[in-house]
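[1] One predicted model, sequence on top.
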Amino acid sequence: MKPSSSRCRISVAMATYNGEKYIGEQLDSIARQDVLPVELVITDDGSTDGTLQIAGEFARNAPFPVRIFRNETRLGYADNFLKAASLCEGDLIAFCDQDDIWVEKKLTICSRFFEDNEVQLVAHSAQTIGASGEAEYYPRFSKTRVWGPYSVDPFANHPGFSMVIRRDILYLIDSELRPDRLRSHDHWIWFLATCAGRVATIASPLAFYRQHSGNAFGAPRQRSLTKLAAAVASTLVYDEFADFELASANLLLLAAEKWPLRSIQFHRSAERLRLRSTLHRLRTRLYQREANLADRVIAVARILLLGGYWPDRSGTRLGARSALKDILFGVPGIYKLSLRSLQPSDKR
């Protein structure tokens, strides 16, 4: 094993809370990396079990520096991770859950992608353990590739433990300004990285993602077609999405003023989010209770003219699934049956 080179100094940011049951295995897997991190930073959120004792014992013999911080007040998992990352000194930061196990080549494989100076984040697949006897994967990326600017959804949901990032992206926008829908550290970091440059995905599973009752968040369960259809049909007011997207676009415009070298990138990303916001405003009009057939046709026509139903990996447009819902469920007014069922009954 060798330390990470001067070209890719990697810090590991671990947020802990009552993790004594599994943290030892995770720490050992970090120590077995074929390229070692330059440091491990642990921020503990007030554990009442033996988590800190285990971490302290590991630190005494670890093949790299280990810095341990205990929060005076509970921060919650997202802010605890962001605090750990802010204390890191490496050029790259690997987020680390307390209860997973890393494949020995994880840091080596991830770090190679950062030879491209425009890559801001690398995310890899993982194999879940503990959920069932079968091999399952989450996240699961179908391709190993570098995605260019504006080619991935900035609001996609990928878990932080699978991410390695450039430290610089932490400072593009003050994390205290992040909208509610981006409160999770991993949602926030993914958003920043995709709006600032390129991201890379790795199909090979480079960690074992442990599933247990203490997970802050676990791998999502598959929904039946019936439940999926009900969920799709139930969303009829899209103004909340539109407000969120517009607020996110405004944050990018602030970042463009602060970081002139990235100004063009941030402005283009903001334009994408503004278009997305406009499309969601139109969908709200489509599904209004008082909308007549002409109103609904006009709303869909305007979405079509804006290219809103084009297939799109970048998350800018709505895509084919939304088109089916709007044309089959919205335009004929079938959604009004759902609205009617939500009205309070006059019967006593």
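    Happy to help now that I have it.
[2] Show me where the protein has its strands.
    2-3, 10-16, 35-36, 39-44, 66-70, 92-96, 101-102, 119-129, 136-137, 145-147, 163-166, 198-210 (DSSP state E).
[3] what's the fourth one packed up against?
    Other elements packing on strand 39-44 under the criterion 3 or more C-beta pairs under 8 Å, 6 or more residues apart in numbering; DSSP states H and E are strand 10-16, helix 51-61, strand 66-70, helix 77-86. From N, CA and C alone the C-beta is placed, and that goes for glycine too.
[4] Take those and write them to JSON lines, including mean pLDDT and distance to residue 319.
    Output for these, formatted as JSON lines (pLDDT from 0 to 100; distance: least, C-beta to C-beta, whole Å):
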{"stretch": "strand 10-16", "mean pLDDT": "98", "distance to residue 319": "34"}
{"stretch": "helix 51-61", "mean pLDDT": "97", "distance to residue 319": "43"}
{"stretch": "strand 66-70", "mean pLDDT": "98", "distance to residue 319": "43"}
{"stretch": "helix 77-86", "mean pLDDT": "97", "distance to residue 319": "28"}
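[5] Figure out which of those is closest to residue 164.
    In terms of C-beta to C-beta, the element of the helices and strands packed on strand 39-44 nearest to residue 164 is strand 10-16, at 7.2 Å.
[6] circling back to that earlier point, would you mind finding the most buried of the helices and strands packed on strand 39-44?
    Mean neighbour count (mean count of other C-beta atoms under 10 Å) peaks for strand 10-16 among the helices and strands packed on strand 39-44, with a mean of 27.
[7] quick check: angle from it to strand 92-96?
    Per axes from the mean of the first three to the mean of the last three C-alpha atoms, to 10 degrees, the angle that strand 10-16 makes with strand 92-96 is 30 degrees.
[8] Could you list every helix and strand in contact with strand 10-16?
    So strand 10-16, by 3+ C-beta pairs under 8 Å, 6+ apart, packs with helix 23-31, strand 39-44, helix 51-61, helix 77-86, strand 92-96.
[9] Kindly calculate the angle that it makes with helix 51-61.
    Counting by the same axes, to 10 degrees, strand 10-16 lies at 160 degrees to helix 51-61.
[10] Report the buried residues of the longest helix along the chain.
    Taking DSSP state H as the criterion, the chain has its longest helix at helix 263-286. Residues of helix 263-286 classed as buried: 265-266, 269-270, 272-286 (neighbour count, 16 or more other C-beta atoms under 10 Å).
[11] how much distance is there from that helix to the middle of the chain?
    Its chain's C-alpha centre and that of helix 263-286 lie 19 Å apart, by C-alpha atoms, centre = their mean, to the nearest Å.
[12] ok, the closest residue to residue 247 other than its chain neighbours to residue 305 distance?
    Leaving out its chain neighbours, the residue that sits closest to residue 247 by C-beta to C-beta, 6 or more residues apart in numbering is residue 179, at 5.2 Å. As defined by C-beta to C-beta, to the nearest Å, residue 179 lies at a distance of 29 Å from residue 305.
[13] So between those two, which is more surrounded?
    Shown here are residue 179 and residue 305; by other C-beta atoms under 10 Å, residue 179 has more neighbours (17 against 8).
[14] Mean pLDDT per helix and strand in the protein: which one sits at the bottom?
    When each helix and strand of the chain is scored by mean pLDDT, DSSP states H and E, helix 225-234 comes last, with a mean of 48.
[15] hmm, back to that, so who does the residue nearest to residue 247 touch?
    The contact partners of residue 179, by C-beta atoms under 8 Å, 6 or more residues apart in numbering, come to 244, 247, 248, 251.
[16] Repeat that for residue 276.
    By C-beta under 8 Å, 6+ apart, residue 276 lies in contact with 245, 315, 316, 317.
[17] now, which of these sits nearest residue 153?
    Here the nearest of those to residue 153, counting by C-beta to C-beta, is residue 315; it sits at 2.9 Å.
[18] Next, count neighbours for the nearest residue to the closest one once chain neighbours are set aside.
    In this structure, residue 315 finds its nearest non-sequential neighbour in residue 153, 2.9 Å apart by C-beta to C-beta, 6+ apart. Residue 153: 15 surrounding residues under other C-beta under 10 Å.
[19] Make sure residue 153 is actually in contact with residue 319.
    No - in this structure, residue 153 is not within contact of residue 319 by C-beta atoms under 8 Å, at 10.2 Å.
[20] my guess is residue 316 contacts residue 275, does it?
    Yes - counting by C-beta under 8 Å, residue 275 is a contact partner of residue 316 at 5.9 Å.
[21] If residue 128 is in a bridge, with which residues?
    Assessed by DSSP bridges, residue 128 has beta-bridge partners residue 136, residue 209.
[22] can you pull the contacts of it?
    So residue 128 contacts 136, 137, 138, 208, 209, 210, 211, 219 (C-beta under 8 Å, 6+ apart).
[23] what's near enough to touch the fourth one?
    With contact taken as C-beta under 8 Å, 6+ apart, residue 208 is in contact with 100, 101, 102, 103, 126, 127, 128, 129.
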